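Starting from these lines, generate the structure:
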Amino acid sequence: MPWDTIKLNDGHSIPSIAFGTWKLGNGQGPIDQVEQALSIGFDHVDTAQAYRNEEEAGKALRESGLARKDVFITTKYSGLGGLDIETSIQNSLKNLGVEYVDLYLIHHPRLATPDIPTAWAKMEKIKADGLAKSIGVSNFGVADLEILLASAKVKPAANQILLHPYVYARQAPIIAIGAVHGIVTEAYSALIPVTHQPGGPVDKPVNAIAKRLNATADQVLLAWVKAKGAVVVTTSSKESRLKGYLDAADLDLTTTDIAAIDAAGAIGPKAQLVRRVAVGVLAALALFKGYAYFGVGAGLLSRSGCGRA
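Coordinates of the predicted model:
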């Protein structure tokens, strides 16, 4: 079963999983990886001015043979080279080789210069001119969204944020205000608990769910994001892994599954680190006591100079 599309507040729809090009660099590598993703069923490519590979993404799209209307393209204004929003969107369109993007985001609130209302008015003009079908933001917090919404004529269609179980409690207010205003949340780095912070509290429920559903931990985390109603932005150079990401759409997490992952995430990854440090300290103390028992400790202290009066 494919990932669903999600209706945006402006009437357009967005595929709920995207292949992201962050950290892919440039050159032939990202061309091959984007083309591979498209060939196995991804129909949403997420890039940005700051990633410096919009041109590669565009080339991959052309080489894929897919029609423009069949691929959803997201890119972002990143303030690269100090260029303004109006110039940047034109450069992005040229790099991608397209006449419009499906979603154009302000990459970070600090890039909304001289202020958020002024920058957003420029984004609204880009939408009105047909250069982007939908406009949105990225990494905007609650306060940033409130400032934007106070003056916006067009609400942002999406807000792309860091989202995984260890940051869910912190990001929940952002998701909540988005829900009130019909702003779709997009989640990047959803796999951090298994790729960068393994061994934490989230491992236990995720691995148990994966075993029960005959799935992988990666797939369970993506299904968790889907259950939160968010769009997944993910990547991999491995075709088998990408196919697994697409297959994650079939996983049906229960409310108990989701609650267990949420609760484990709320503990935080550092809890596991604290336990490891504590175990290490206890082991070291036990070893030192063993040395002292056999009369070795005093000699060690004497040789180190720490036992001298």
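
could you pull out the strands for the protein?
For the chain, applying DSSP state E gives strands covering 5-7, 13-15, 17-20, 44-46, 72-77, 101-106, 132-138, 158-162, 184-188, 231-234.

mind putting these in a markdown table, distance to residue 248 and mean pLDDT included?
To be clear about C-beta, it is placed using only N, CA and C from the backbone, and glycine gets the same treatment. Formatted as a markdown table, these follow (distance: least, Cβ to Cβ, whole Å; pLDDT from 0 to 100):
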| stretch | distance to residue 248 | mean pLDDT |
| --- | --- | --- |
| strand 5-7 | 16 | 97 |
| strand 13-15 | 14 | 98 |
| strand 17-20 | 8 | 97 |
| strand 44-46 | 15 | 98 |
| strand 72-77 | 19 | 98 |
| strand 101-106 | 22 | 98 |
| strand 132-138 | 23 | 98 |
| strand 158-162 | 19 | 98 |
| strand 184-188 | 13 | 98 |
| strand 231-234 | 8 | 97 |
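
Redo those strands as a markdown table? Include distance to residue 171 and mean neighbour count.
Shown next, in a markdown table, are those (distance: least, Cβ to Cβ, whole Å; neighbours: other Cβ atoms under 10 Å):
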| stretch | distance to residue 171 | mean neighbour count |
| --- | --- | --- |
| strand 5-7 | 18 | 15 |
| strand 13-15 | 19 | 19 |
| strand 17-20 | 18 | 26 |
| strand 44-46 | 18 | 27 |
| strand 72-77 | 19 | 27 |
| strand 101-106 | 17 | 26 |
| strand 132-138 | 13 | 25 |
| strand 158-162 | 6 | 23 |
| strand 184-188 | 8 | 25 |
| strand 231-234 | 14 | 26 |
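
Make TSV from the ones you listed and add distance to residue 94 to it.
As requested, those are exported to TSV (distance: least, Cβ to Cβ, whole Å):
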stretch	distance to residue 94
strand 5-7	28
strand 13-15	24
strand 17-20	21
strand 44-46	17
strand 72-77	12
strand 101-106	12
strand 132-138	14
strand 158-162	23
strand 184-188	25
strand 231-234	24
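
Relative to residue 211, tell me which of the ones you listed wins on proximity.
Closest to residue 211 of those, according to Cβ to Cβ: strand 231-234, at 21.9 Å.

Report the separation between residue 152 and residue 146.
Residue 152 sits at a distance of 11 Å from residue 146 (criterion: Cβ to Cβ, to the nearest Å).
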